[in-house]
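Student: got a structure for you, letters missing:
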Ligand code: ANZ
């Protein structure tokens, strides 16, 4: 029987499903190991060959760990709320649940085709009510919690209420909004219920607040910063404007320091850790107050360079700063207004990116320098961001590049801070220059100046040391339909939670998936959807990241109706040991997940500070696009003639993408091309050597580039085992690489060769029970060692070539020994699970599966060389190689060598003077 991948793969996929081979339970004495993939959003276009790359790697690792005796949790599910299904619903009227269901079905078929060892009994879908019930529940816990800086953890809001009741705000050290009230216990008790709620909202970890958002009118929703590219929406390219709206937010900033510290405890790629560090952006500095006597207030600035304070020659506010209106004098009014209007069109990212253009407006007012008492003019400019620090800066043109450009442009004074001429050095007096502009710090070093200045400012009540984080609180509301409803209703404009036993709050039916005529989110269309028939529900839904911020915990106990997961299950599985996914989630999903994980730990639901111990980013598989070259006429218009690659430079042509599926080895199938698009039906070609050769380019794999390869097609032709091996063979897991099928035949041949080791010339299964030779054992133990080392360091590509070498060696040795072959297929099982299952059964290992066999023990004795291929020379000239046992001594070697017929031929009857012999090195015959 020949290797028939189709029947073998179908048979085993059915076997695994029927027998629930990969179902995992907690009741075992084995050590646990948790391997997680980033679960997919089931899009309408299905999986392409790039998607399974990480899944294959994690599956290999999971299967390997099972062979190593671990109890492996390896689940899969779907991140199934989200925009594309909703956009489709808007266009077609089809309920997103239906589209989602259909897409999931297709994904599941495609995944099943590849032979993954997922425990499907633990599947989760974030859009299922039984799942989002718990997403809503976590939201409720966040709403009902505050962050206590003293204990450095979140606590139930009741403990804060108790403190307000007993001692007011005295001694409360909480993360909160800026504008919290200061009150005694007595005053708190005089507040009515609504005032109390309003005050508590400033402390809650899920809270409602007016904030500036990226509003995309065309999509009818708020977008996250990373969903806005160059001022337009990433999806669809629609304009995005800055708008103030009441928004649900998550107080993730409370966790900024813990999120930063936690990075030291995880084994993640360094670039990813660096991205999170930058995103969190811890800055150590000071906040300084610049008094504005006429308004009886101060302008607070955040600076990381308090040592430059004597170089301040003006103050700059963000155009959105709340004091701008009050500070603007009549004569400056129209200029300031105009500038604010211009700024409102720019996104924050644009404002940060543009370091060249200088623009701003003078408010007409002055503040007092906190130490010199001099007047400093107050300006507004868009390089100061409203949401960072305090939204205001003290400008030091001699220390800061942007301040310098600004001062030059508007002719403002530049006060030197050090004696160095060089701006770079002046900006770091530590290095070279000395302070020169105030007696107060002139003789000091940087390390002396900073604390001295902070002390002085503290004495004056005009400043203090401050740590600032770049990270903002995360916006948590979407004006969309297809997401989790927020379990909140409103009474007198204030949000209240529904009762826990009322969960899940089901997504209501609506007639259309569009905002209402009055601009409310789609949920505003739901007829009679009121809490207790009376109160408005929150109409926005949760963002895409809600459901994915805790899913790895649900997998630990997916059917629990009493809890999001039981304490026992979480105590058993703890955290994810290995997480594989794309680097695009570096700052979104991976920060939010760490945040929720820490929060749930604070409330005592589990014990792990970090959710993902080890993380690997798989590289992208890029597409390899093909092009045809369309001939242009004199007017530059496209004709219906296409020129082959080698001839295109002789003509005036433009390149067009052509579907890679109608191109084979870069040669275009002309008939298929004519059917590719109706307007190509009459196409004509200018060929080279009778063929049409296409151009190529490596690009992102995408439908619009016609370079998408469907894994189903590869599986159909070569089988899943070949696909799995081949995806790994393409190169190191973390690297980006183009999909190129040139080598896939080689992988397929390798599997057929493996198959033949177990079969005789007639194709009958035939293995021998004889003891293997040393050489056979050596080939086996080399691969046992290599694969173990490779997998442990996640180097999957190198194993594939080692397998090929091993099978070649065994083929050369004509090895069909059971003792070798059985261990070989165990080692190969993680990579090629179907063929190895089949061979395992053929070897008589019934009943069952190879999945839980024991990974063979490596025996180094087999790798000790017993033979050496000696180079044999005659009078110093190398003639041939002769393999001899290493244990032979000079006498035995001489005898064997001189008796060898080939050697005799080289000697040509001449008498031998002597034989030089160096053990393990050379043999030289002197004649
Ligand atoms: C005076 C100064 C002098 C500054 C100097 C720098 C150099 P990081 O490290 O990013 O935290 N800044 C503060 N708030 C800002 C805002 N909302 N928008 C734009 N810039 C802002 O940088 C902190 C520094 O960035 C602060 O220190 C402030 O300028 C500026 F030689 O104050 B510095």
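Tutor: That came through fine. Keep in mind it's a predicted model, so treat the numbers as computed, not measured.
Student: give me the below-cutoff pLDDT ranges for the stretch 201-350 of the chain.
Tutor: Applying pLDDT under 70 to the stretch 201-350 of the chain flags the ranges 226.
Student: enumerate the residues of it near the ligand.
Tutor: Counting by Cβ under 6 Å from any ligand atom, the residues of the stretch 201-350 of the chain close to the ligand are 283, 302-305, 308, 318. The C-beta positions use only the backbone N, C-alpha and C, and glycine is treated the same way.
Student: and stretch 289-303, end to end?
Tutor: Length of stretch 289-303, first residue to last, Cα to Cα, to the nearest Å: 11 Å.
Student: and that stretch, what's buried?
Tutor: Buried residues in stretch 289-303, defined by neighbour count with 16 or more other Cβ atoms under 10 Å: 289-292, 298-303.
Student: same check, this time on stretch 328-336
Tutor: Within stretch 328-336, the residues scored as buried using 16+ other Cβ under 10 Å are 328, 332, 335-336.
Student: turn those into JSON lines, columns for distance to residue 921.
Tutor: Listed next are those as JSON lines, based on distance: Cβ to Cβ, whole Å:
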{"residue": "328", "distance to residue 921": "90"}
{"residue": "332", "distance to residue 921": "91"}
{"residue": "335", "distance to residue 921": "89"}
{"residue": "336", "distance to residue 921": "88"}
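Student: show me the two of these that sit farthest apart.
Tutor: For the buried residues of stretch 328-336, the maximum inter-member distance is 8.8 Å, found between 328 and 335 (Cβ to Cβ).
Student: next secondary structure after the worst-scoring helix or strand of the chain on mean pLDDT?
Tutor: Lowest by mean pLDDT, DSSP states H and E among the helices and strands of the chain is helix 423-426, with a mean of 58. Sequence-wise, the next helix or strand downstream of helix 423-426 (DSSP states H and E) is helix 446-460.
Student: before we move on, the earlier item: just the ones in strands from the buried residues of stretch 289-303, please.
Tutor: Taking DSSP state E, the ones among the buried residues of stretch 289-303 that sit in strands are 289-292, 298-303.
Student: tell me the one of these nearest residue 728?
Tutor: Nearest to residue 728 among those: residue 302, at 49.3 Å, using Cβ to Cβ.
Student: residues touching that closest one, list them.
Tutor: 283, 285-287, 388-390, 392-393, 466, 468 (Cβ atoms under 8 Å, 6 or more residues apart in numbering).
Student: what count of nearby residues applies to the closest residue to the ligand within the chain?
Tutor: Proximity of the chain to the ligand (Cβ to the nearest ligand atom) peaks at residue 399, 2.3 Å away. When neighbours are counted by other Cβ atoms under 10 Å, residue 399 registers 25.
Student: the one 4 residues further on now?
Tutor: Residues near residue 403, counting by other Cβ under 10 Å, number 25.
Student: that one touches residue 396, doesn't it?
Tutor: Yes: the pair residue 403 / residue 396 is scored as a contact, 5.5 Å apart, by Cβ atoms under 8 Å.
Student: how about the residues of this structure near the ligand?
Tutor: For the chain, the residues in contact with the ligand (Cβ under 6 Å from any ligand atom) are 283, 302-305, 308, 318, 383-385, 388-389, 391, 393-394, 396, 399-400, 427, 468.
Student: per-domain residue ranges of this protein.
Tutor: Annotated domains of the chain cover 145-203, 282-469, 631-699, 714-858, 865-926 [automatic domain parsing].
Student: in TSV: those, plus distance to residue 227.
Tutor: Putting those into TSV (distance: least, Cβ to Cβ, whole Å) gives the following:
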stretch	distance to residue 227
domain 145-203	25
domain 282-469	11
domain 631-699	22
domain 714-858	23
domain 865-926	60
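Student: to residue 20, which of the ones you listed lies closest?
Tutor: Closest approach to residue 20 among the domains of the chain (Cβ to Cβ): domain 714-858, 11.1 Å.
Student: now do the closest one: distance to the chain's middle.
Tutor: From the chain centre to the centre of domain 714-858 is a distance of 31 Å (Cα atoms, centre = their mean, to the nearest Å).
Student: neighbours of residue 790, how many?
Tutor: Using other Cβ under 10 Å, residue 790 has 19 neighbouring residues.
Student: just the strands in the stretch 701-850 of the chain please.
Tutor: Counting by DSSP state E, counting those that start in this stretch, the stretch 701-850 of the chain has strands at residues 737-738.
Student: where exactly do the helices run in it?
Tutor: In the stretch 701-850 of the chain, the segments counted as helices under DSSP state H, counting those that start in this stretch are 711-718, 720-729, 744-757, 774-792, 796-812, 818-828, 833-842.
Student: give me whichever of those is most buried.
Tutor: Comparing the helices of the stretch 701-850 of the chain by mean neighbour count (mean count of other Cβ atoms under 10 Å), helix 720-729 ranks first with a mean of 26.
Student: where does the chain have low pLDDT?
Tutor: 226, 420-433.
Student: of all the domains of the chain, which lies closest to residue 268?
Tutor: Residue 268 lies closest, by Cβ to Cβ, to one member of these: domain 714-858, at 11.9 Å.
Student: what's the span of the closest one from first residue to last?
Tutor: Using Cα to Cα, the end-to-end distance of domain 714-858 comes out at 34 Å.
Student: quick revisit: so which of the helices of the stretch 701-850 of the chain gets nearest residue 266?
Tutor: Comparison of the helices of the stretch 701-850 of the chain against residue 266 by Cβ to Cβ identifies helix 774-792 as nearest, at 18.3 Å.
Student: so the closest one versus helix 720-729, what angle?
Tutor: Put simply, helix 774-792 runs at 70 degrees to helix 720-729, going by axes from the mean of the first three to the mean of the last three Cα atoms, to 10 degrees.
Student: so helix 774-792 versus helix 796-812, what angle?
Tutor: Angle of helix 774-792 versus helix 796-812, following the same axes, to 10 degrees, is 170 degrees.
Student: name the helices or strands packed onto helix 774-792?
Tutor: Counting by 3 or more Cβ pairs under 8 Å, 6 or more residues apart in numbering; DSSP states H and E, the packing neighbours recorded for helix 774-792 are helix 52-67, helix 796-812, helix 818-828.
Student: so what does the last one touch, helix or strand wise?
Tutor: Right, the one you point to is helix 818-828. Using 3+ Cβ pairs under 8 Å, 6+ apart: helix 818-828 touches helix 774-792, helix 796-812, helix 833-842.
Student: mind checking which of these is nearest residue 693?
Tutor: If you check each of the helices and strands packed on helix 818-828 against residue 693 by Cβ to Cβ, helix 796-812 wins as the nearest, at 29.7 Å.
Student: can you list the neighbours in contact with the closest one?
Tutor: Contacts for helix 796-812 (Cβ under 8 Å, 6+ apart): 57, 60, 725, 728-733, 746-747, 750, 753-754, 756-757, 775-776, 779-780, 782-783, 786-787, 790-791, 820-821, 824, 828, 831.
Student: in the helix or strand hosting residue 904, what counts as buried?
Tutor: Here residue 904, judged by DSSP H and E, is contained in helix 901-907. Neighbour counts over helix 901-907 (16+ other Cβ under 10 Å) mark 903, 906-907 as buried.
Student: hang on, residue 881 packs against residue 867?
Tutor: No: counting by Cβ under 8 Å, residue 881 does not reach residue 867; the two are 11.5 Å apart.
Student: how far away from the center of its chain is stretch 465-483?
Tutor: The chain centre lies 19 Å from the centre of stretch 465-483; the measure is Cα atoms, centre = their mean.
Student: ok, the closest residue to residue 835 other than its chain neighbours - contacts?
Tutor: Computed as Cβ to Cβ, 6 or more residues apart in numbering, the closest residue to residue 835 that is not its neighbour in sequence is residue 721, at 5.2 Å. Shown in contact with residue 721 (Cβ under 8 Å, 6+ apart): 5, 9, 115, 751, 831-835.
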